[in-house]
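In: below: sequence and its predicted model.
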Amino acid sequence: ACPSTFESPHRVGHPCGTGAPARGPAAAMSRLDMGPTLNIHKLTNVEAQRIMLILEETFTKLSLLSFVPPAQMPEDRVLTDLVGPEIHQVMREQALLEQQYDTVSNPSAADAGKGLPDFETLDDELRHSSRVVARMLLEDRTIVDKLEAVQGGSFERDASIVKFLATLNELKHQTYQKMSTSVEEEKSKEDFYLEVSAREEKASQMLRALQKDLKSEKAEHDQEVSALDDTISKLRTEIEHIRSSTAADIKNLGDSTRVQKDDAKQMWAGKEQSLGDQLAALKAELLQTAQKNRDAEEQLRKRKVKNETEVEAWIGKYDTEVREKVSHIKAIRKEYDEEKRQLHWYEEYFARVDAERALRAAEQRKLEAERAKEQAQKAMLAHAAAVIQRIWRGRQTRRELEKAKKGKKGKGKKGGKKKGGKGKKKK
């Protein structure tokens, strides 16, 4: 994986590619739904960049492999001439390994799988062959166009692999979004989403309440209209019944009941007039009720628009306050960083000052110790000199005393001899 850029490592001239530039036309990759381009510079973690590069390379390889016909390869010399015998042989081996893998992995075809390698061996060989084919398609992406040209453009990718690629692409973008979002931003988005959801839920409840009231009003209006329609229908039925009964009486009685006929006509005319007046009154009442309901509906709609306007105003006010808070937080954070930088400088400066003071104190203590040691040595020398002088003076004094004693003894001996001589002579 290349941590310096998030572009595909197999693009032309990329330093981390497979070694060969893409020589195929742009149509080979235009069929791959790569989604929006991701910017790796937003990812500060090298491990995150490596993960996204691995996902990008995996998606590209699987997308190219999806254009290879599964478990089959057209027997055509034209394809061999177009892609070369080596590439054609590799793709035939890939198709053969897929057929053997399907046979071994199918429990119902146990007899057909005799003589074939075991499942683990085929799995390793198929994985290695798929890597070789993917690397080959990355090095020369015109192979996809050549395969489609040999098949006459009738090949369509399997719906399952297309769905898998779409899911993998969505997972790739979700992974990138997750890695490029800091913990603070994610927490802020979650809090904002929860608050917006709460406001939306509150607005939905208010809307449902208004819709419920409107529905109730409409139901009452419909009931009233239905009742009036039933009354009109009954009146019309009665009128028809009266008309039919009157016609039957006229037909049965004939001219013999002219007086009764006139009375019946007068009675019918009066009753018809009464019912007509009643019908007109009911129609007027119906129109009045309909106008009243329309006015109520208009008021409810105005109230709904007013509530929606208030909700939008509150949302705008909230957004403005959040932006102001964010700006204030950024200013405080900038001031905090500056003060932290100054504090760090002062701490380093006073640490150096304390270190210098401690060094000077240590040197002063060392100098005082040396002075004390020197003074002790001088005192010792002075004491030794005083002791030597005392000893010397004592010896000198003893010598002088001894000399003095010797002098006195010599004088005493000379005086005794004279006295003795004189005595002898006296005797």
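Out: Received the coordinates, thanks.

In: tell me what the host helix or strand of A404 is packed against?
Out: For A404, the element it lies in under DSSP states H and E is helix 258-426. On a contact count with 3 or more C-beta pairs under 8 Å, 6 or more residues apart in numbering; DSSP states H and E, helix 258-426 meets helix 183-253. Every residue, glycine included, has its C-beta placed from N, CA and C.

In: what's around the nearest residue to L65 once chain neighbours are set aside, how many residues?
Out: In space, and not counting its chain neighbours, L65 is closest to A134: 5.7 Å by C-beta to C-beta, 6 or more residues apart in numbering. Number of residues near A134 (other C-beta atoms under 10 Å) recorded here: 20.

In: mind listing what A134 touches?
Out: 61-62, 64-65 (C-beta atoms under 8 Å, 6 or more residues apart in numbering).

In: what's the closest of these to K378?
Out: K61 (90.8 Å; C-beta to C-beta).

In: quick one: secondary structure of the closest residue to that closest one other than its chain neighbours?
Out: Closest residue in space to K61, ignoring its immediate chain neighbours: A134 at 3.9 Å, by C-beta to C-beta, 6+ apart. Using DSSP: H, G, I helix; E, B strand; the rest coil, the structure places A134 in helix.

In: gap between stretch 336-345 and the chain center?
Out: In terms of C-alpha atoms, centre = their mean, to the nearest Å, the centre of stretch 336-345 is set 30 Å apart from its chain centre.

In: identify the residue nearest V144 in space, chain neighbours excluded?
Out: Nearest non-adjacent residue to V144 (C-beta to C-beta, 6+ apart): F67, at 4.4 Å.

In: the one you found against D145, yeah?
Out: No. Counting by C-beta atoms under 8 Å, D145 is not a contact partner of F67; they are 9.1 Å apart.

In: tell me which of the two has more neighbours.
Out: Remark: of F67 and D145, F67 carries more neighbours, 19 against 16, as counted by other C-beta under 10 Å.

In: residue contacts, M206?
Out: By C-beta under 8 Å, 6+ apart, the residues touching M206 are N307.

In: for H173, see how far away it is.
Out: For M206, the distance to H173 equals 36 Å [C-beta to C-beta, to the nearest Å].

In: what of E200?
Out: For E200, the distance to H173 - C-beta to C-beta - is 25 Å.

In: those two: who's more crowded?
Out: H173 (15 against 12).

In: so where does that one fall, helix or strand?
Out: Following DSSP H and E, one finds H173 within helix 159-179.

In: next, the angle from that helix to helix 183-253.
Out: Here helix 159-179 runs at an angle of 130 degrees relative to helix 183-253 (axes from the mean of the first three to the mean of the last three C-alpha atoms, to 10 degrees).

In: and helix 159-179, what's buried?
Out: By neighbour count on 16 or more other C-beta atoms under 10 Å, the buried set for helix 159-179 is 165, 169, 172, 176, 179.

In: format these as JSON lines; extra columns: distance to Q211 and pLDDT.
Out: Output for the buried residues of helix 159-179, formatted as JSON lines (distance: C-beta to C-beta, whole Å; pLDDT from 0 to 100):
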{"residue": "L165", "distance to Q211": "43", "pLDDT": "88"}
{"residue": "N169", "distance to Q211": "40", "pLDDT": "89"}
{"residue": "K172", "distance to Q211": "42", "pLDDT": "85"}
{"residue": "Y176", "distance to Q211": "41", "pLDDT": "81"}
{"residue": "M179", "distance to Q211": "43", "pLDDT": "76"}
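
In: can you put those in a markdown table and add distance to E120?
Out: Below are the buried residues of helix 159-179 laid out as a markdown table (distance: C-beta to C-beta, whole Å):
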| residue | distance to E120 |
| --- | --- |
| L165 | 27 |
| N169 | 31 |
| K172 | 30 |
| Y176 | 35 |
| M179 | 35 |
